[in-house]
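>>> need a 3D model of the sequence below.
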Amino acid sequence: MIKSRYIPLVTAFAMSLYMVSIMTFVITWVNTGMDEAFLQRWWRAFYIAWPIAFTLILVGAPRITRAILRLKRDETPR
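Here you go, the predicted model:
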């Protein structure tokens, strides 16, 4: 099992892999088409984008979560 202190790191890792895999696949396909060199182009886009996405999620997710929680409506009964 994963220790609580590693949850943000593992979440950022999984989210970035999921998001970057799909986004780079679709964008590479739309921009260049599907041919014999597609996987090479996709892999290049992926390995450039993934560290950026991982870092942005790791750094940004806690801040974004805090900002959204400030917008949360108080749901105490009246």
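
>>> now the spatially most central residue of the chain, what's its secondary structure?
With distances taken as CA atoms, centre = their mean, the residue of the chain nearest its centroid is residue 16 (3.0 Å). Following DSSP: H, G, I helix; E, B strand; the rest coil, the label given to residue 16 is helix.

>>> quick check, it in contact with residue 60.
No - look at residue 16 against residue 60 with CB atoms under 8 Å: they stay out of range, at 11.2 Å. The way it works is simple: take the backbone N, C-alpha and C, and place the C-beta from them, glycine included.

>>> need the overlap of contacts for those two.
Residues touching both residue 16 and residue 60 (CB atoms under 8 Å, 6 or more residues apart in numbering): none.

>>> quick one, helices of the protein?
7-32, 38-71 (DSSP state H).

>>> do you know which of those helices lies nearest residue 1?
helix 7-32 (10.7 Å; CB to CB).

>>> the closest one to helix 38-71, inter-axis angle?
130 degrees (axes from the mean of the first three to the mean of the last three CA atoms, to 10 degrees).

>>> now distance to residue 77 and mean pLDDT too, for the helices of the chain, in CSV please.
Below are the helices of the chain laid out as CSV (distance: least, CB to CB, whole Å; pLDDT from 0 to 100):
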stretch, distance to residue 77, mean pLDDT
helix 7-32, 31, 96
helix 38-71, 20, 95
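
>>> would you mind giving those as a markdown table with distance to residue 1 added?
Formatted as a markdown table, those follow (distance: least, CB to CB, whole Å):
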| stretch | distance to residue 1 |
| --- | --- |
| helix 7-32 | 11 |
| helix 38-71 | 21 |
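
>>> any idea how many residues pack against residue 41?
16 (other CB atoms under 10 Å).

>>> sorry, that was for residue 43
Residue 43: 12 neighbours (other CB under 10 Å).

>>> check residue 12 too.
Residue 12 has 20 nearby residues by other CB under 10 Å.
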